[in-house]
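In: Prediction below, plus the sequence it came from.
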Amino acid sequence: MIKSTYAYIECQLGKETVKCLLDTGSEISLCPASTARHHRLLLMPTTQGVQAANGQNMHVKGICDLNLKLTGRKVATTALVTANVD
């Protein structure tokens, strides 16, 4: 059995706690489309594409601004929104 070695951190998004996958090797941030819908995040159009580590192209629905709170500190970031991540 393979054990997961992914590093998840808990952040506040609005009034809810969400788990975020910490990937220090990533050049971009991704946000699941379900999270964007649930939190009613404003999606802005983008032509930017993204490719998964396995080479598969991911459909990008838009881009959004995320205002997270991590260990009491506010963190603002921009993320591509896709249905290809959980």
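Out: Everything's here; your move.

In: what sits against the residue nearest in space to the middle of the chain?
Out: Compute the mean C-alpha point of the chain, and by CA atoms, centre = their mean the closest residue is residue 31, 2.7 Å away. By CB atoms under 8 Å, 6 or more residues apart in numbering, the contact set of residue 31 is 41, 64, 66, 79, 80, 81, 82, 85. Where you see a C-beta, it was placed from the backbone N, CA and C, and this is true even at glycine.

In: Output the residues you listed as CSV; include the columns neighbour count.
Out: As requested, the contacts of residue 31 are exported to CSV (neighbours: other CB atoms under 10 Å):
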residue, neighbour count
41, 21
64, 20
66, 20
79, 20
80, 19
81, 24
82, 18
85, 16
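
In: Now for the residue nearest to the centre of the chain, which secondary structure element holds it?
Out: For residue 31, the element it lies in under DSSP states H and E is strand 30-32.

In: Please, where are all the strands along this structure?
Out: For the chain, the strands defined by DSSP state E cover 7-13, 16-22, 30-32, 50-51, 57-58, 60-70, 73-82.

In: got TSV for these, with mean pLDDT too?
Out: TSV is the format used below for the strands of the chain (pLDDT from 0 to 100):
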stretch	mean pLDDT
strand 7-13	90
strand 16-22	89
strand 30-32	93
strand 50-51	90
strand 57-58	92
strand 60-70	94
strand 73-82	93
